[in-house]
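J.: sequence and predicted structure below; questions after.
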Amino acid sequence: MSAHPSRSSRRVGYISPAASAAAQNSGYRKKKSTPSAAATATVVTSPPATDNAQSSTAPKQTEQQDKGERVAAKTNTSRIGTASARTRAPSQARAQPRRRPAPAAASLPMAFCSALEEAINTFVDPPALRPSVDPRNVLSANFAPVDELPPTPCPVVRGAIPRCLAGGAYIRNGPNPQHLPRGPHHLFDGDGMLHSLLLPTAESPSSDPILCSRYVQTYKYLVERDAGAPVMPNVFSGFHGLGGLARGAVVAARVLTGQMNPAEGVGLANTSLVFFGGRLYALGESDLPYTVRVDPATGEVTTHGRCDFGGRLFMGMTAHPKKDPVTGEVFAFRYGPVPPFVTYFRFDPAGNKGPDVPIFSVQQPSFLHDFAVTERYAIFPEIQIVMQPMGMVAGGAPVGADSGKVPRIGVLPKYATDESEMRWFEVPGFNIMHTLNAWEEADGEELVLVAPNILSVEHALERMELVHACVEKVRVNLRTGAVSRTPLSAGNLDFGVIHPGYLGRRNRYGYLGIGDPMPKIGGVAKLDFDRAGTGDCTVARRDFGPGCFAGEPFFVPDDVEGDGNEDDGYVVCYVHNERTGENRFVVMDARSPQLDIVAEVELPARVPYGFHGLFVTKAELQAQQQ
């Protein structure tokens, strides 16, 4: 479809010297200067010195590039028979992956533990017995890992980049295993990799967008990079039944022999991103945030360290914090298997963390992935996916569905200092992984929550392709306790976003990925919440076409040429064509009935299907603390 006639901007075509030199340097992948994990795994408690950090990370990034080649080589067998492997795009065929041998001087304890894991994976819990966590299935087609990519220019092949996107960067986070898994592997278990597309500025009409793909250098990533093999456990797939208990013993042995230190972090930072207080963070709920930086001049992505906010943040933080568009505050929580199972907290606009608010009224640990906020309240969903560590003893998993549990919604004043005012409302059958938005009506007497409801919650973790999510509008009367629910669409919709300026306030439109099946996104649907109760609320839709799939869409408001309406902006995402191997960044007009494509950027490398993304504006990139 042709570009929308009402939009205008200029295309550019300049290759930055830094990107050009990195791409043409024949010795780029041969550098071997690799510091130890202990030397590079830092905790950020104050703004990092960017100049020094960038210069010191160059050797690490070249080492990462070489490691990425080994991952691609190891996972090549999983790509056999897939459309993307049979019809690899020319840009993907240029660099053939090479296998680099693991370090020869592996310690005796590490070799012993690795041998034990091999025996467990072969005789006790072989992946082939559980197809949903068999790497040959999980890491196939566009779920297969890719190499790191240094900043590389990309041509705009259709339309023009809108001016409201100029100079900003679209960054998508997602799992990308550094090494071929020895045993079971869940999609959630992959190392975090950021795929950042830096868009040209309005002042540089001859430049091209720049794509850069880099691992988030978590403690886990660094330990396994130095070891040349997997060391730390796969949380979502490894702890299952007797095999899980055996792997737990191996983990204990690795800790006792100094191969890993859980106090340094066990997370992957592979889920989402957030920008606040002048810093960009890569998030994964099982660990602290990792400070990352996108260079606004070159597009290079660097990791600066694990951040505990001056020692005030412990254990972990949700991958879905909520940033108030009016106050600039950020509201968040963490959850875990020991009391208090949920802890709520917030950050001021400068990024300083406030005190914890433990929520002891949560009496069983559940899978609390997302929540919502309004102007005065924080809303916590408690669903039927629960943590049950003793489930391994009975041959099951430590996380699973409890069909006898009644889901409920907890409402807490947003600025509460304790949980004394917490109220719970039962909502049978309402299991949500993500929220779209929430707001207050009737002078604060009623709360409205919009979220996709997982209809087959028992499949949410192990058989995601069977999951169907129905978007619902839930209304809670705080005075009477009455709860009502209205479906907004019968389609399989999730990974939804709204105009970020309306978070916590009443809004009308949401943009969601169309599961085809989940987690592959075959298109984008626009819902009009004001049509609730009249049938299907879909008012616009775009299907990417046969064999074409994307990830979560993201809405970018048009604050340059827009008229201020809520849906005046653009929906952006990465799209992969499984038939041809082509990969593109797509910009869609959010107000058009078919979500018309106004611009496309051809990407030089494959971007695997991932999780959540973020658009960081030019002003935010330039405001990153040094």
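T.: Perfect, I can see it now. Since this is a predicted model, take the numbers as computed values, not measurements.

J.: show the pLDDT at the residue in the chain sticking out farthest from the centre.
T.: Distance from the centre of the chain peaks at Thr480, with 37.8 Å (C-alpha atoms, centre = their mean). Looking at Thr480, its pLDDT reads 97.

J.: which helix or strand contains it?
T.: If you go by DSSP states H and E, Thr480 is not part of any helix or strand.

J.: how close does it get to Phe425?
T.: Thr480 sits 11 Å away from Phe425, going by C-beta to C-beta, to the nearest Å. (Glycine included, C-beta is placed from N, CA and C.)

J.: helix, strand or coil: sort out the spatially closest residue to Gly547 that is not a sequence neighbour for me.
T.: Of all residues not flanking Gly547 in the chain, Arg579 sits nearest, at 3.9 Å (C-beta to C-beta, 6 or more residues apart in numbering). Here Arg579 is coil, with the state taken from DSSP: H, G, I helix; E, B strand; the rest coil.

J.: tell me, how many residues neighbour Arg579?
T.: As a burial measure, Arg579 scores 13 neighbours (other C-beta atoms under 10 Å).

J.: give the contact list for the spatially most central residue of the chain.
T.: Central residue of the chain (C-alpha atoms, centre = their mean): Thr271, 2.5 Å from the mean position. Residues in contact with Thr271, defined by C-beta atoms under 8 Å, 6 or more residues apart in numbering, are 173, 192, 283-285, 319, 611-612.

J.: what is the neighbour count of the closest residue to Phe309 other than its chain neighbours?
T.: Residue nearest to Phe309 in three dimensions, not counting chain neighbours: Lys353, with 4.3 Å by C-beta to C-beta, 6+ apart. Neighbourhood size, Lys353 [other C-beta under 10 Å]: 19.

J.: quick one: Lys353 and Cys307 touch, right?
T.: No - counting by C-beta atoms under 8 Å, Cys307 is not a contact partner of Lys353; they are 10.0 Å apart.

J.: mutual contacts of these two, please.
T.: The contact sets of Lys353 and Cys307 overlap at Leu313 (C-beta under 8 Å, 6+ apart).

J.: before we move on, back to that, tell me what the residue nearest to Phe309 is bridged to.
T.: When assigned by DSSP bridges, Lys353 has beta-bridge partners Phe347.

J.: burial count for the residue nearest to Asp568 when sequence neighbours are not counted?
T.: Leaving aside its sequence neighbours, Asp568 sits nearest to Gly562 (C-beta to C-beta, 6+ apart; 3.8 Å). By the measure other C-beta under 10 Å, the count of residues near Gly562 is 16.

J.: next: Met260.
T.: With other C-beta under 10 Å as criterion, Met260 counts 22.

J.: how about the contacts made by the residue lying closest to it once chain neighbours are set aside?
T.: Nearest residue to Met260, sequence neighbours excluded (C-beta to C-beta, 6+ apart): Arg254, at 5.1 Å. The contact partners of Arg254, by C-beta under 8 Å, 6+ apart, come to 109-110, 113, 231-232, 260.

J.: same list (those residues) but as JSON lines, adding pLDDT.
T.: Shown next, in JSON lines, are the contacts of Arg254 (pLDDT from 0 to 100):
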{"residue": "Pro109", "pLDDT": "94"}
{"residue": "Met110", "pLDDT": "94"}
{"residue": "Cys113", "pLDDT": "96"}
{"residue": "Val231", "pLDDT": "95"}
{"residue": "Met232", "pLDDT": "93"}
{"residue": "Met260", "pLDDT": "96"}
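
J.: and which of those is nearest to Leu488?
T.: Met232 (40.8 Å; C-beta to C-beta).

J.: does that closest one touch Gly267 like I think?
T.: No - Met232 lies out of contact with Gly267 (C-beta under 8 Å); the separation is 9.9 Å.

J.: quick one: strands adjacent to the one helix or strand Thr291 maps to?
T.: Assigned by DSSP H and E, Thr291 belongs to strand 290-294. Partners of strand 290-294 in the sheet, by DSSP bridges, are strand 279-283 (antiparallel), strand 301-307 (antiparallel).

J.: count the neighbours of the residue lying closest to Pro452 once chain neighbours are set aside for me.
T.: Nearest residue to Pro452 in three dimensions, chain neighbours excluded: Ala469, at 3.8 Å (C-beta to C-beta, 6+ apart). Neighbourhood size, Ala469 [other C-beta under 10 Å]: 27.

J.: where along the stretch 101-250 of the chain do the strands fall?
T.: Using DSSP state E, counting those that start in this stretch, the strands of the stretch 101-250 of the chain run over 149-153, 156-159, 169-175, 192-198, 210-215.

J.: how about residues contacting stretch 383-401?
T.: Against stretch 383-401 from outside (C-beta under 8 Å, 6+ apart): 236, 239-242, 244-245, 337, 364-368, 402-403, 405, 407, 430-433, 454, 457-458, 460-462.

J.: related to what we said a few turns ago, packed most tightly, which of the strands of the stretch 101-250 of the chain would that be?
T.: The highest average neighbour count among those, using mean count of other C-beta atoms under 10 Å, belongs to strand 192-198 at a mean of 29.

J.: go ahead and produce PDB holding the CA coordinates of that strand.
T.: Provided in PDB are the C-alpha atoms of strand 192-198 (Å, rounded to 0.1, in the frame of the first residue of the first chain):
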ATOM      1  CA  GLY A 192      18.800 -10.800  26.500                       C
ATOM      2  CA  MET A 193      19.700  -9.100  23.200                       C
ATOM      3  CA  LEU A 194      18.800  -5.500  22.200                       C
ATOM      4  CA  HIS A 195      18.000  -4.800  18.600                       C
ATOM      5  CA  SER A 196      18.300  -1.000  18.200                       C
ATOM      6  CA  LEU A 197      17.400   1.000  15.100                       C
ATOM      7  CA  LEU A 198      18.700   4.600  15.300                       C
END
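
J.: where does the prediction get shaky in the stretch 351-500 of the chain?
T.: Across the stretch 351-500 of the chain, the ranges flagged by pLDDT under 70 are 390, 392-395.

J.: quick one: which of the contacts of Arg254 is nearest Thr374?
T.: Met232 (38.4 Å).

J.: look up how far His612 lies from the closest residue to that closest one other than its chain neighbours.
T.: Closest residue to Met232 apart from its sequence neighbours, by C-beta to C-beta, 6+ apart: Lys220 at 4.9 Å. Distance of Lys220 to His612, given as C-beta to C-beta: 20 Å.

J.: okay, these two: which has more neighbours?
T.: Between Lys220 and His612, Lys220 has the larger neighbour count (other C-beta under 10 Å), namely 27 against 22.

J.: so the more buried one makes contact with Asp191?
T.: Yes - at 7.0 Å, Lys220 counts as touching Asp191 under the criterion of C-beta under 8 Å.

J.: ok, which stretches of the stretch 351-500 of the chain are strands?
T.: Under DSSP E, counting those that start in this stretch, the stretch 351-500 of the chain gives strands at 357-359, 372-373, 377-382, 385-387, 399-401, 408-413, 423-426, 437-441, 446-454, 469-477, 483-487, 493-497.

J.: how far does the strand holding Thr291 sit from its chain's centre?
T.: Mean-position distance between strand 290-294 and its chain equals 14 Å (C-alpha atoms, centre = their mean, to the nearest Å).

J.: next, the buried residues of that strand.
T.: 290-294 (16 or more other C-beta atoms under 10 Å).

J.: could you dump these to a markdown table with distance to Leu180 and pLDDT?
T.: Below are the buried residues of strand 290-294 laid out as a markdown table (distance: C-beta to C-beta, whole Å; pLDDT from 0 to 100):
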| residue | distance to Leu180 | pLDDT |
| --- | --- | --- |
| Tyr290 | 24 | 98 |
| Thr291 | 29 | 98 |
| Val292 | 25 | 98 |
| Arg293 | 30 | 98 |
| Val294 | 29 | 98 |
